[in-house]
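Engineer: got a predicted model here, sequence first, then my questions.
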Amino acid sequence: MLSILSRSLVAAAVLTITACGGGGGNGGFATPTQTSAANPQTRPAESRLATPDANTALTTRLSGLAAVGAPVANGSVSVQCATGTAVATTTGATGAWSATLTDQKFPCLVTVSGGTVPAGQSLYSMALDASDLNVTPLTGLVVAGGLHAAPSTITASSLASSASSALAQGLAKVNASLKASGYSPLAGNPLTTSFQPSAGDAHDDLISTLMRSLADENIAYDEMLSSIAAAGDADVPIPLTHVFKAAELAAIPQLNRASISASGDELSMTLGAGANAVGSFVGGGNGNKAVLQLPGLAGTKLIDFKDMAMDVKGATTSGGRNVYAYVNFTVDLTCDGSPLAANATLADVRKKRRIVIYDPFAKFVQQDNAISDSAFSTVKFSRATPGWRVSAGTPVGSGVALNPDYIGHETLTGFDFATYPNACIVDGVTGDGGMYRDKSDAQCDTTAALAGDKPAACGKPYSGAIVVLGDSGTVVASDWKVKKIRFNAANVRNFAFQ
């Protein structure tokens, strides 16, 4: 537990935390941030301690910034140190706060609630000295992870007996959990790194993403704090929501008369009518295919896949042909991380990487979960849901169909996980005849289907998980809407649109 009673011990704590990955920004817990016109949220570095004479009480000024992705305005701030009574103050419109401590001793637990903090929630942080202190959802996770206790339960006596290395351990634990859950690593120490509480600041964007992701999974922030506190040294799964924006959607290649776009929180996947010249697909298809690539799933083991859900609406039949949304996973059977050889052919890549498909033909979906073209329906499938198949090639299990005319009862539970325990989703070229073709090599620029001896690079790389509307033979018009996608494996990924 934390006890900082001398400047030498403060210095030791700074060195310990910096060595554990707390660099960047202020680099640790010790150095106050200077005010500048470019960084108006920082508080001025000033003399924190005043000792005019032996009869004057020791006073310290502690200040900081409270934010939840936006500044916490009019929040109630409580500062409880290892000794002395708690001190109360309030945040300003920019989230800045300041408190004067008299005869209190560090460390100090800082709690912010009310104001523009989400109703019923509190933010926490911990000061080891008089350096400027951030109070954000991230700092609360560091405190909970380091002290192995929900911050709301921490008392003055437990502060007095805590070790200075605890916050360093908490920072390492939070960083590891964020990384394992697909977040970008923290650039600096969240307790002391200076940032702007507005969109576009990388640190603030991470806070916003964290809070959005928890809300999308209906996980209260206090519940996340308790999970971090109770997990010991283990990583804690943290949900992550990826929000597609217009520019990202526009950059995803589509096939022929197909397009995707978002309006509000809905994605439109649209197919135009009419056949196209052969040559856009790796194979000999002349149809249309709208593709949404789902980023960030590479490395996910197939054995860890639990279920996936999509909120969709659309007509399942158009022009007498079944048209529906389905999901492809590009799976490396060994997941050894080795790249394709420079001279790899399409046949080579098809041996190393297989396409695992959840393919809900309308007649199977409609049996127990009708899809409407006027209202959103949730289509959810797990490893045990009928409708799985795998691209043709070496058998990978008795329960997964290997021919395109499967009858729909196959499930992913039949995948040969004993032989391929590390099979995982990967990004890159697949050799899939139904995907788009890279014509930069003259061998790929033909008006016919490509043979297996053609270069693997004839297939453009793409994310290892995709949602698809249409196929290489679809020549009828169709339009589907997708509102939300949830992928549940070792941790949860949500995909949303704006």
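Structural biologist: Everything's here; your move. Everything quoted here is computed from the prediction, not taken from an experiment.
Engineer: show me how far stretch 77-84 is from its chain's centre.
Structural biologist: 35 Å (C-alpha atoms, centre = their mean, to the nearest Å).
Engineer: stretch 229-248 too?
Structural biologist: Centre to centre, stretch against its chain (C-alpha atoms, centre = their mean), the figure for stretch 229-248 is 4 Å.
Engineer: pLDDT of it, averaged?
Structural biologist: Average pLDDT, stretch 229-248: 94.
Engineer: what sits up against it?
Structural biologist: With contact meaning C-beta atoms under 8 Å, 6 or more residues apart in numbering, stretch 229-248 is reached by 144-145, 147-150, 173, 176-178, 180-183, 209-210, 212-214, 216-217, 219, 224, 227-228, 261-262, 267, 294-296, 490-498. Every C-beta, even on glycine, is put in place using the N, C-alpha and C of the backbone.
Engineer: surely residue 260 and residue 266 touch.
Structural biologist: No. Under the criterion of C-beta atoms under 8 Å, residue 260 makes no contact with residue 266, lying 11.1 Å away.
Engineer: more neighbours, those two?
Structural biologist: Using other C-beta atoms under 10 Å as the criterion, residue 260 and residue 266 rank with residue 260 on top: 22 against 16.
Engineer: for the more buried one, what are its contacts?
Structural biologist: Going by C-beta under 8 Å, 6+ apart, residue 260 touches 249, 252, 254, 267, 268, 269, 270, 290, 291, 292.
Engineer: helix or strand for the closest residue to the third one other than its chain neighbours, which one?
Structural biologist: Spelled out, that is residue 254. Spatial nearest neighbour of residue 254, excluding adjacent residues (C-beta to C-beta, 6 or more residues apart in numbering): residue 290 at 5.7 Å. Using DSSP states H and E, residue 290 maps to strand 288-294.
Engineer: got it, and residue 213?
Structural biologist: Per DSSP H and E, residue 213 falls inside helix 202-216.
Engineer: quick one: neighbours of residue 413, just the number.
Structural biologist: 14.
Engineer: mind checking the SS state of it?
Structural biologist: Judged by DSSP: H, G, I helix; E, B strand; the rest coil, the three-state class of residue 413 is helix.
Engineer: what's the answer for residue 467, then?
Structural biologist: Applying three-state DSSP: residue 467 is strand.
Engineer: and the nearest residue to it once chain neighbours are set aside, what does it touch?
Structural biologist: The shortest distance from residue 467 to any non-neighbouring residue, by C-beta to C-beta, 6+ apart, is to residue 292 (4.4 Å). Applying C-beta under 8 Å, 6+ apart, we find residue 292 in contact with 249, 252, 260, 267, 269, 466, 467, 468, 482.
Engineer: so which of these is the closest to residue 356?
Structural biologist: Distance to residue 356 across the contacts of residue 292 (C-beta to C-beta) is lowest for residue 466, with 11.6 Å.
Engineer: doesn't residue 289 make contact with that closest one?
Structural biologist: No. Between residue 466 and residue 289 there is no contact under C-beta under 8 Å: 9.8 Å.
Engineer: neighbour count winner among these two?
Structural biologist: Under the criterion of other C-beta under 10 Å, the comparison of residue 466 against residue 289 puts residue 289 first, with 25 against 21.
Engineer: and that one, how far from residue 438?
Structural biologist: Distance, residue 289 to residue 438, by C-beta to C-beta, to the nearest Å: 16 Å.
Engineer: one more: residue 210?
Structural biologist: 37 Å.
Engineer: neighbour count: these two, which is higher?
Structural biologist: Between residue 210 and residue 438, counting by other C-beta under 10 Å, residue 210 is the more crowded of the two (25 against 17).
Engineer: can you list the weak-confidence ranges in the stretch 101-250 of the chain?
Structural biologist: Residue ranges of the stretch 101-250 of the chain with pLDDT under 70: 162-163.
Engineer: report the mean per-residue pLDDT for the top strand by length along the chain.
Structural biologist: Using DSSP state E, we find that the single longest strand of the chain is strand 478-488. Across strand 478-488, pLDDT averages out at 96.
Engineer: got the buried residues for the very next helix or strand once past it?
Structural biologist: The element immediately downstream of strand 478-488 (helix or strand, assigned by DSSP H and E) is strand 492-497. Across strand 492-497, burial judged by 16 or more other C-beta atoms under 10 Å covers 492, 493, 494, 495, 496, 497.
Engineer: please name the bridge partners of the fourth one.
Structural biologist: Yep, that's residue 495 we're talking about. Using DSSP bridges, the bridge partners assigned to residue 495 are residue 242, residue 485.
Engineer: was I right about it contacting residue 294?
Structural biologist: Yes. Taking C-beta under 8 Å as the definition, residue 495 is a contact partner of residue 294 at 5.9 Å.
Engineer: show me this protein divided up by domain.
Structural biologist: What automatic domain parsing lists as the domains of the chain is 7-45+57-238, 243-497.
Engineer: residues near residue 377, how many?
Structural biologist: Residues lying near residue 377 (other C-beta under 10 Å) number 16.
Engineer: what's the pLDDT at the nearest residue to it once chain neighbours are set aside?
Structural biologist: Closest residue to residue 377 apart from its sequence neighbours, by C-beta to C-beta, 6+ apart: residue 371 at 5.0 Å. Note on residue 371: pLDDT of 83.
Engineer: what's the neighbour count on residue 371?
Structural biologist: Residue 371: 21 surrounding residues under other C-beta under 10 Å.
Engineer: next: residue 327.
Structural biologist: 23.
Engineer: who's in contact with the residue lying closest to residue 70 once chain neighbours are set aside?
Structural biologist: Residue nearest to residue 70 in three dimensions, not counting chain neighbours: residue 197, with 5.9 Å by C-beta to C-beta, 6+ apart. By C-beta under 8 Å, 6+ apart, the contact list for residue 197 reads 41, 65, 67, 69, 70, 71, 94, 95, 204.
Engineer: hmm, which of those residues are the buried ones?
Structural biologist: 41, 65, 67, 69, 71, 94, 95, 204.
Engineer: how close does the closest residue to the fourth one other than its chain neighbours sit to residue 200?
Structural biologist: Spelled out, that is residue 69. Residue nearest to residue 69 in three dimensions, not counting chain neighbours: residue 208, with 3.4 Å by C-beta to C-beta, 6+ apart. To residue 200, residue 208 is 10 Å away according to C-beta to C-beta.
Engineer: the two: who's more crowded?
Structural biologist: Taking neighbours as other C-beta under 10 Å, residue 208 and residue 200 compare with residue 208 leading, 20 against 7.
Engineer: surely the more buried one meets residue 198?
Structural biologist: No. In this structure residue 208 lies outside contact range of residue 198 using C-beta under 8 Å: 9.8 Å.
Engineer: and for these two, which residues touch both?
Structural biologist: With C-beta under 8 Å, 6+ apart as the test, residue 208 and residue 198 both reach residue 70.
Engineer: contacts only, for residue 448.
Structural biologist: Residue 448 is in contact with 278, 279, 284, counting by C-beta under 8 Å, 6+ apart.
Engineer: show the buried residues in those residues.
Structural biologist: Buried members of the contacts of residue 448, scored by 16+ other C-beta under 10 Å, are residue 279.
Engineer: and the contacts of residue 448, which is closest to residue 113?
Structural biologist: Closest to residue 113, out of all of the contacts of residue 448 and judged by C-beta to C-beta, is residue 279, at 61.8 Å.
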